[in-house]
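J.: Predicted model and sequence follow; I will ask about them next.
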Amino acid sequence: MKGKKISSIIKILGLGFLAAILFAVILPVGVFIYYSKDLPRPEKFTEKSFVQSTKIYDRTGKIMLWELYGEEKREIIPLGEVGDNVKKAVISTEDAKFYSHKGIDVEAIVRSVLADIKLRKPTYGASTISQQLIRSTFLTREKTIKRKIREIILAIELERRYTKDQILEWYLNQIPFGPNIYGIQSASKTFFEKSADELTLSEAATLAAVIQSPSYLSPYGGHKEDLLKRRDYVLDRMAQEHYISQEEAEAAKKEKINFAELRQSIRAPHFVFYVQDYLFEKYGQDSLEKSGLKVYTSLDWDMQQAAEKAVTNAIERNEKYNAYNTALVAIDPKTGEIKAMVGSANWFGEPLPEGCTPGVDCLFDPKVNVATYNIGRQPGSSFKPFVYATAFEKGYSDKTFVMDQLTNFGSASDPYIPTNYDGLFRGPVTLRQALAQSLNVPSVAVLKDLAGYTDSLEMAKKMGITTLRDPSAYGLSLVLGGGEVKLVDMVSAYGVFATDGYRVPPVSVLRIEDSQGNTIEENIKTPKRILQPRSAELINSILSDNAARTPIFGPTSPLYFPTYDVAAKTGTTTDYKDGWIIGYTPSIVAGVWAGNNNNAPMSREPGVVMAGLTWREFMDSVLPTLPRENLAKPEEELTQPTAEIIAPGTGQ
C-alpha cells in the first residue's frame, strides 16, 4: 500500500510538472495569439506614407526658400545620408544591443520590470529601437500591459521581416525632435542648419540627447543645461560602446554648440507666397503640407539679393520724398522666368505709421505684395509704349509727326485738355520725340488718331496686362496711365519688346518633383508672336535713344548706359502717387514701383527720381552677369521722316 501511495504521488507530481511545462509553453503562445489579433502587418510599415513637407527652392535647388508643412515638418533621407556619428550616438544611447537582439532586450526588460515594482508604477523603459518605432507608428502611447505586449510582439515580427539597417533608417526618419520637427534631417537643419551627414561629434550627440524628451530638452526651451548634460552622457555612452575614445568624448564635451535661430527662415517671402498661391490652387494646401514635393522655382538668388539691396537703399533715399515703399520685379524675357521679386520694402518690418490698419490706411504695409496686388496701381507714362506699338502695327513710323499744342480732346461741355510735364508745347514733333520725351499731348493724339482706343486696349491685353477689364472705364487717359496695372504684368509685357515681338507669360515654377524624385510638372512655355518685328524694333530704338530723350531727362540720366544697349521708360501718376520705371535688354526686363500703400502723394518728384535710381542700382548689379546683347533695331530706311503731320483731334 505504501508503495502504491508513493507511486501515486510521483505520478501526480509528474503530471503537475508536465502541466506546468505545458502551461509555461501554452500560456505565452496563447497570450501571443490573443494579443496579436488585429495587429497591423509589419509590412504595412513599408506601405506607410510618411508626412513630408513641401520644399520650395531657387532655380538651382541649392537655396531653400521656404518649407510648407502642417503638423509635421519632415524630410526623408536614406540611411547612407546620415552621418556615422549620428547613428553611433543614437544606438549607444537608445539601444546599445540593436545589432544583436531580435527585437527586444530581455535583460533590459527584466531590469525595467524590477524598477517598476520598486517604484510601484509602470514606466516601461528599456524599449529597443524596434519597439520605439512600432510604438510611434502603430500604437497609442498609453502605458498598459496590453499595449506593451502588442508592442513586443510586433517588434519581434518587424525584426523577423526586415534588416537592421532598414529599421534604423525608418526610425531615424520617424522620431520626433520637438514641436512639428520629425526625423533626423529636419532636426539637423532646424537646430544647426546642416544636413545630418555634416554634424560634428558634439552636434550629433546633442541630437541623440534630445530623443529622450523632445519638449523638455529642446535647445530653445529653458533646460539647455540639462540638454548639454544629456549630451555629455551620450558621449560617455559612445566611449563605453567603443565607438569613440574617452579622449574624443572629453574633447567633444568642450565644443561650443551654436544653435540656429528658432524661426522658420524664409527667403524672398513675397515671391514665395506668390508661388504658394499657385501651388495651393493646383494641388491643394493639405496635399502640399504632407506630400513632400520639391518645387524648383525660377528665382535667381543672386539677382534676388541684388533686388532686395536696391529696394532697401531706395527706402533710405526716398523717405525724404514722403515715399515709404518700393517694389521690384525682374524677368527673363526669352523664357518668362521671374528672376527676382520684391513685393514690399521689408517683409519683416512694421507697418507705418504706428497704429495704422494694414490693408487700409498704412503708408507702408510690409506683407502686401505690391508687384502682384489685385487692385493694381496706375502706371503713368510707362503705359505709353503699348499705344505707340499699336500705332506702329498700323504702319506709322517713328518719323510720323503729330502736333504738340494746347488741345481739347473732349467737347465744349466735357473738356479733356491734357498738359505736358513741363507745361510747354513744342508744335510738330515726331513719334520718336513724343515717346522718348514722354510728351502727354502728342501721346493722347497718337491714341485717338493713330492707334485707336479699342485696338490699344486689346494690344495691352495681348502683351500681358491682365487688369484692364472694363473698356469703358479709362477713356483717352489710358495712354497716360489711367488704368490700374500690376508691376509683374508690366514687366512681362515689356518683355515683348525685348524679344522682338514674342510674348512668354510669367513663369515662377520650373519643375516639381514628388517625394520619390519623379517629375510631375515641368513649366515650359512656347513664345507667341504678338508684335511684328518692325513695331518692337521701333520701340526698342526709341526707348534706348538717349539723344532723343535728353531734352527732358538730360544726357546722363539713370536711363543711360554708356556701355550697354538698354531701353527704358518711366512713369509718374497724377498727384505723384506712383513712380515707375520699366527697362530692359534682350536678357532681362526689370521694373520698379515707388510710392505708398495707401496712395498718399509723394513729394513732387518724377518716376525717374523715385524709381529710376533703384532700377539703375539693380541693373548695374546684374548686367555684368548677363550676356552682352544688343536690342533688335529697325532698318535704316525707317528713319526717314514722314512729311504728313497729324493734327491732334482730327483723325487725319
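T.: All right, it came through fine.
J.: So Ala155 sits against Ser136, correct?
T.: No - using C-beta atoms under 8 Å, Ala155 is not in contact with Ser136; the gap is 11.8 Å. No exception for glycine: its C-beta is placed from N, CA and C like everyone else's.
J.: Next one: the nearest residue to Tyr373 once chain neighbours are set aside relative to Gly591, how far apart?
T.: Spatial nearest neighbour of Tyr373, chain neighbours left out: Lys486 (6.7 Å); criterion: C-beta to C-beta, 6 or more residues apart in numbering. From Lys486 across to Gly591, the span is 10 Å (C-beta to C-beta, to the nearest Å).
J.: returning to what we had before: surely the residue nearest to Tyr373 touches Ala371?
T.: Yes - under the criterion of C-beta under 8 Å, Lys486 makes contact with Ala371 at 6.8 Å.
J.: quick one, what contacts Leu293?
T.: Thr54, Lys55, Tyr283, Ile512, Glu513, Asp514, Ser515, Ile520 (C-beta atoms under 8 Å, 6 or more residues apart in numbering).
J.: gap between the third one and Ile266?
T.: Pointing back at Tyr283 there. 20 Å.
J.: Burial check on Asp302, number of neighbours?
T.: For Asp302, the neighbour count with other C-beta atoms under 10 Å is 16.
J.: Can we start the residue count at 86 from this point?
T.: In the new numbering, first residue 86, that becomes Asp387.
J.: Quick check: pLDDT value at it.
T.: Note on Asp387: pLDDT of 98.
J.: what do you get for Gly188?
T.: The model's pLDDT for Gly188 equals 68.
J.: And for Gly440?
T.: pLDDT, read off for Gly440, is 87.
J.: count of neighbours near it?
T.: The burial count for Gly440: 8, using other C-beta under 10 Å.
J.: what's the spacing between it and Cys447?
T.: Gly440 is 10 Å from Cys447, by C-beta to C-beta.
J.: What is the burial count for the closest residue to Thr659 other than its chain neighbours?
T.: Take Thr659 and drop its neighbours on the chain: the residue closest to it by C-beta to C-beta, 6+ apart is Gln463, 7.6 Å away. Counted with other C-beta under 10 Å, the neighbours of Gln463 add up to 22.
J.: next one: Lys546
T.: Count around Lys546 with other C-beta under 10 Å applied: 16.
J.: The closest residue to it other than its chain neighbours: what secondary structure?
T.: The shortest distance from Lys546 to any non-neighbouring residue, by C-beta to C-beta, 6+ apart, is to Leu553 (6.3 Å). Look at Leu553: counting by DSSP: H, G, I helix; E, B strand; the rest coil, its state is coil.
J.: Tell me who's in contact with Leu553.
T.: Leu553 neighbours (C-beta under 8 Å, 6+ apart): Leu542, Ala545, Lys546, Tyr559, Leu563, Gly568, Val570.
J.: Pull out the buried positions in stretch 654-662.
T.: Buried residues in stretch 654-662, counted by 16 or more other C-beta atoms under 10 Å: Lys654, Thr655, Gly656, Thr657, Thr658, Tyr661, Lys662.
J.: give me the element the first one is part of.
T.: Taking DSSP states H and E as the definition, Lys654 sits inside strand 652-657.
J.: rewinding a little: which of Lys571 and Gly676 has more neighbours?
T.: Ranked by neighbour count (other C-beta under 10 Å), Lys571 and Gly676 place Gly676 first, with 31 against 26.
J.: Just the pLDDT for the more buried one.
T.: Residue-level pLDDT assigned to Gly676 equals 98.
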